[in-house]
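Peer 1: My questions are about this predicted structure, shown below with the sequence.
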Amino acid sequence: MTSAPDILIRPAVDADGPALADLIRAVFAEYEDCPFVPEEFPELAAPASAFAARNGAMWVAERGGAVVGSLAIAPNQDPGVFELFKVYVAGPERGGGLSARLLERAIAFARAGGGRRIALWSDSRFTRGHAFYLKHGFRRVAGIRALHDAGVTLEFGFARDLGPGPALAARAS
């Protein structure tokens, strides 16, 4: 575990695509039968543009010029609901508050856009991520989504009402 304060969080740019692919590949490698197939992630060709085109945003976290985390958000088809995407943090960076810092940015973005709720889908194998979501006010929603991808991925849904007030400041203290 490392200290998150010396990590820079900045808006993603399209040139981050290869570094994001490397990050996702490394995270997937931690799990059995979880292959990273670049063709299944066309948005990584121009990640900032891909999420901007959806009226969303993406951030990356850097340590020493290397991308060690990411998170994207965009409105989904339901009014007032924003969806999280590309929530990845490199193994050595987990546990130091980086994920919470990225989530704070997403919550602020959603609130500024009139969001009342945040939702996401997460690979059923990513149990550590599930614990993070539950710790930060998300609830598991009914149902499982099958992606029919190379990893035969099944995903669990999570959602969190935003409510009034600061995103995570009260929870983090």
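Peer 2: Looks like it came in fine.

Peer 1: what's the closest non-adjacent residue to residue 38?
Peer 2: By the measure of Cβ to Cβ, 6 or more residues apart in numbering, the closest residue to residue 38 outside its immediate chain neighbours is residue 21, 6.1 Å from it. In short, each C-beta sits where N, CA and C put it, glycine included.

Peer 1: What residues does that neighbour make contact with?
Peer 2: Residue 21 makes contacts with 36, 38, 41, 44, as judged by Cβ atoms under 8 Å, 6 or more residues apart in numbering.

Peer 1: With secondary structure, distance to residue 72 and pLDDT added, can I get these in TSV?
Peer 2: Formatted as TSV, the contacts of residue 21 follow (DSSP: H, G, I helix; E, B strand; the rest coil; distance: Cβ to Cβ, whole Å; pLDDT from 0 to 100):
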residue	secondary structure	distance to residue 72	pLDDT
36	coil	17	94
38	helix	17	94
41	coil	12	95
44	helix	11	97
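
Peer 1: And those, which two are furthest apart?
Peer 2: For the contacts of residue 21, the farthest-apart pair by Cβ to Cβ is 36 and 44; their separation is 10.3 Å.

Peer 1: Give the residues shared as contacts by these two.
Peer 2: 21, 24.

Peer 1: Need the residues that contact stretch 70-77.
Peer 2: So stretch 70-77 is contacted by 12, 20, 23, 47, 51, 54-61, 81-89, 99, 102-103, 105-106, 109-110, 113, 115, 118-119 (Cβ under 8 Å, 6+ apart).

Peer 1: no wait, stretch 148-159
Peer 2: 28, 33-35, 37, 40, 117-124, 130, 133-134, 138-147.

Peer 1: helices and strands of the chain: which one bottoms out on pLDDT?
Peer 2: When the helices and strands of the chain are scored by mean pLDDT, DSSP states H and E, helix 169-172 comes last with a mean of 40.

Peer 1: and residue 94, how many residues sit next to it?
Peer 2: Residue 94: 19 surrounding residues under other Cβ atoms under 10 Å.

Peer 1: was I right about it contacting residue 128?
Peer 2: Yes: with contact defined as Cβ atoms under 8 Å, residue 94 reaches residue 128; the gap is 7.1 Å.

Peer 1: excluding its backbone neighbours, what's nearest residue 129?
Peer 2: residue 122 (5.4 Å).
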